[in-house]
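Peer 1: model the following, please.
(one chain, ligands or ions: 1)
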Amino acid sequence: MRLLEGVFVPAVTPFDESGRVDVACLERLLAGFLDDGAAGVVALGTTGEASALDDAERRAVVDACARVCADRGAPLVVGAGTNDTRTTIARHEELAGVPGVVASLAVVPYYVRPSEPGIVAHFAEVAERSPVPLVVYNVPYRTARGLGADALLELAAHPRIVGVKQAVGGVDADTLRLLAAAPRDFAVLGGDDAYLLPVVLMGGAGAIAAAAHVRTADFVQMIDDGLAGRVAEARARAEALLPVVLALFAEPNPAVIKGVLHAQGRIPTPDVRLPLTPASKPAVDDALALLR
Ligand SMILES: O=C(O)C1=N[C@H](C(=O)O)C[C@H](O)C1
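Peer 2: From the prediction side, this is the model:
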């Protein structure tokens with residue numbers, strides 16, 4: 001039995017007019033995702049602008065997500081990866097006792113460009129010390145280092161590493177080898193919104209999908225159909241959602257998603273924090289036109 005299955009929405013961090021985290025708004029967003037069938041929520045993902053939040057803000061976001069998820073019995077995954085092992089362990093230790101947290105999302109250490117054995121040793125060390133199991137976040141186009149199938153399978157054999165968010169910019173041979181050989185209780189989650197269904201059809205457990213901030217129920221149905229083997233239905237939905245995904249990622253994430261949520265009246269500002277810049281009006285308008 002896989003610990004994680006279905007669609008997890010990596011929540012944006014809404015900012016109010018004064019630039020503060022709008023906790024009440026975040027809670028409303030999360031409740032909406034769960035009402036629409038999302039399996040759970042990811043706090044402090046890339047889409048949550050985790051790297052631009054200070055310690056108190058990160059805590060406020062995690063507490064808000066924990067309240068909503070615990071209330072509804074929904075699983076919460078919390079981003080806790082950094083680019084050094086000691087800090088990553090410390091971020092994981094902060095998750096002890098937080099209600100609803102079923103796993104961390106731990107990114108491959110960025111900037112340092114460690115060797116693959118170094119990355120594997122990093123995750124093994126963090127997994128030994130963490131109060132919660134880990135989901136590895138493999139996103140080489142962001143981190144400049146990635147994990148191939150052999151390294152991922154080595155990590156998948158670790159009892160405290162329960163899944164991977166696989167975001168390699170496609171469905172490559174390593175992903176297919178991983179899907180074919182991973183233990184049955186290891187969750188391979190699609191992490192690139194354009195390729196969620198192919199990953200699920202080849203044995204994946206679901207998705208962590210920023211695009212599911214909109215049309216949440218459609219993303220959920222697509223993944224449910226994929227998991228149940230209703231391929232024609234799943235494929236039709238994937239085809240319909242693809243233009244939405246492409247529009248939402250036309251500029252650096254989460255700028256367009258925030259622009260759309262703001263235009264829909266769901267968050268108070270479209271603001272992202274520097275070095276990200278707000279989405280252009282044409283990008284937001286293009287996405288909105290697809291959602292009407
Ligand atoms: O925050 C996340 O987790 C996600 N971020 C990705 C990104 O911005 O690269 C996109 C993915 O949908 C989930």
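Peer 1: how near is the nearest residue to Val21 once chain neighbours are set aside to the ligand?
Peer 2: In space, and not counting its chain neighbours, Val21 is closest to Glu57: 5.1 Å by Cβ to Cβ, 6 or more residues apart in numbering. Every residue, glycine included, has its C-beta placed from N, CA and C. Between Glu57 and the ligand the computed distance is 16 Å (Cβ to the nearest ligand atom, to the nearest Å).
Peer 1: next: Gly169.
Peer 2: From Gly169 to the ligand the distance is 10 Å (Cβ to the nearest ligand atom).
Peer 1: and that residue, helix, strand or coil?
Peer 2: Following DSSP: H, G, I helix; E, B strand; the rest coil, Gly169 is assigned to coil.
Peer 1: next, count neighbours for the spatially closest residue to it that is not a sequence neighbour.
Peer 2: Nearest non-adjacent residue to Gly169, counting by Cβ to Cβ, 6+ apart: Tyr141, 5.5 Å away. By other Cβ atoms under 10 Å, 10 other residues sit near Tyr141.
Peer 1: host element of Tyr141?
Peer 2: helix 140-143 (DSSP states H and E).
Peer 1: for the ligand, what are the nearby residues on this structure?
Peer 2: By Cβ under 6 Å from any ligand atom, the residues of the chain that approach the ligand are 10, 42, 45-47, 191, 193, 208-210, 253.
Peer 1: in TSV: those, plus secondary structure.
Peer 2: Listed next are the residues of the chain next to the ligand as TSV, based on three-state DSSP:
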residue	secondary structure
Pro10	strand
Val42	strand
Gly45	coil
Thr46	coil
Thr47	coil
Gly191	coil
Asp193	helix
Ile208	strand
Ala209	coil
Ala210	helix
Asn253	coil
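Peer 1: of those, closest to Gln221?
Peer 2: The nearest member of those to Gln221, counting by Cβ to Cβ, is Ala209 at 12.9 Å.
Peer 1: separation between that closest one and Ile267?
Peer 2: Computed with Cβ to Cβ, to the nearest Å, the distance linking Ala209 and Ile267 is 18 Å.
Peer 1: please apply the same query to Leu105.
Peer 2: Distance of Leu105 to Ile267, given as Cβ to Cβ: 22 Å.
Peer 1: same question, Ala74
Peer 2: Taken as Cβ to Cβ, the span from Ala74 to Ile267 is 21 Å.
Peer 1: neighbour count for these two, which is higher?
Peer 2: Between Ala74 and Ile267, counted using other Cβ under 10 Å, the more crowded position is Ile267 (25 against 20).
Peer 1: for that one, which non-adjacent residue is closest in space?
Peer 2: In space, and not counting its chain neighbours, Ile267 is closest to Pro14: 4.0 Å by Cβ to Cβ, 6+ apart.
Peer 1: that neighbour: what's it in contact with?
Peer 2: Taking Cβ atoms under 8 Å, 6 or more residues apart in numbering, we find Pro14 in contact with 21-22, 25-26, 29, 258, 261, 267-269.
Peer 1: which ones among these map onto helices?
Peer 2: Per DSSP state H, helices hold the following members of the contacts of Pro14: 25-26, 29, 258, 261.
Peer 1: I'd like those laid out as TSV, including neighbour count.
Peer 2: Converted to TSV, these look like this (neighbours: other Cβ atoms under 10 Å):
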residue	neighbour count
Cys25	20
Leu26	24
Leu29	22
Lys258	27
Leu261	22
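Peer 1: state the pLDDT value of the residue nearest to Val21.
Peer 2: Note for Glu57: predicted pLDDT of 98.
Peer 1: can you give me the pLDDT of the closest residue to the ligand within the stretch 51-200 of the chain?
Peer 2: As assessed by Cβ to the nearest ligand atom, the ligand sits closest to Asp193 within the stretch 51-200 of the chain, at 4.7 Å. Looking at Asp193, its pLDDT reads 98.
Peer 1: distance of the residue of the stretch 1-150 of the chain found nearest the ligand relative to Ser51?
Peer 2: Nearest residue of the stretch 1-150 of the chain to the ligand, counting by Cβ to the nearest ligand atom: Gly45, 2.6 Å away. Separation of Gly45 from Ser51 (Cβ to Cβ): 11 Å.
Peer 1: which residues touch the closest residue to Leu176 other than its chain neighbours?
Peer 2: Leaving out its chain neighbours, the residue that sits closest to Leu176 by Cβ to Cβ, 6+ apart is Met202, at 6.3 Å. Taking Cβ under 8 Å, 6+ apart, we find Met202 in contact with 171, 175-176, 179-180.
Peer 1: right, I'll call it a day here.
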